[in-house]
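Engineer: after the sequence you'll find the predicted model.
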Amino acid sequence: MADETIFSKIIRREIPAEIVFQDELVTAFKDISPRTPTHVLIIPNSVIPTCNDISAEHEPALGRMFTVAAKIAKEQGIAEDGYRLIMNCNSHGGQEVYHIHMHLLGGKPLGPMLSV
Ligand code: AMP
């Protein structure tokens, strides 16, 4: 089994987080260090360390992550203006927490996709 991160503790509500959605497959909570007015992380409840570890068995949870992202974007009032979904992988991708997560970012114009 893959190593747990702080995100597993959030899923089990062992540490505080502002959870905005949870079901049997995924959990969504506000990023502790928001980069944009709306910054929510959507994660599978089971540990998948990186995008490289995704396999067919994870497809239900991954599909649910997108469904929940669209729902939260509507709830947060950013769906019409638009938003960005990002998943970082490993060091070149800037991944810090090794439990895959989708960043839902919005609430202002986000500018170019990458600053390199
Ligand atoms: P990444 O660089 O893609 O791995 O992003 C990790 C994200 O997790 C960062 O945006 C952090 O601010 C966020 N983060 C780390 N710890 C917590 C926490 N305890 N609660 C909420 N967000 C967190």
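Structural biologist: That came through, no problem.
Engineer: nearest residue to Tyr98 other than its sequence neighbours?
Structural biologist: Nearest residue to Tyr98, sequence neighbours excluded (C-beta to C-beta, 6 or more residues apart in numbering): Pro49, at 4.4 Å. Any C-beta I mention is one placed from the backbone N, CA and C, and that applies to glycine too.
Engineer: the one you found against His101, yeah?
Structural biologist: No - using C-beta atoms under 8 Å, Pro49 makes no contact with His101, being 11.1 Å away.
Engineer: please report how far the closest residue to Ser8 other than its chain neighbours lies from Ile100.
Structural biologist: Nearest in space to Ser8, with sequence neighbours left out and distances taken as C-beta to C-beta, 6+ apart, is Val47 at 6.4 Å. According to C-beta to C-beta, to the nearest Å, Val47 and Ile100 sit 9 Å apart.
Engineer: and those two? Which one has more around it.
Structural biologist: Using other C-beta atoms under 10 Å as the criterion, Val47 and Ile100 rank with Ile100 on top: 26 against 18.
Engineer: which one's more surrounded, Pro49 and His101?
Structural biologist: Set side by side, Pro49 and His101 show more neighbours around His101, with 25 against 17, by other C-beta under 10 Å.
Engineer: mind listing what Ile72 touches?
Structural biologist: Applying C-beta atoms under 8 Å, 6 or more residues apart in numbering, one finds that Ile72 lies in contact with Val20, Phe21, Ala28, Val40, Ile42, Leu104.
Engineer: how about the fourth one, nearest residue that isn't a chain neighbour?
Structural biologist: By the measure of C-beta to C-beta, 6+ apart, the closest residue to Val40 outside its immediate chain neighbours is Leu104, 4.4 Å from it.
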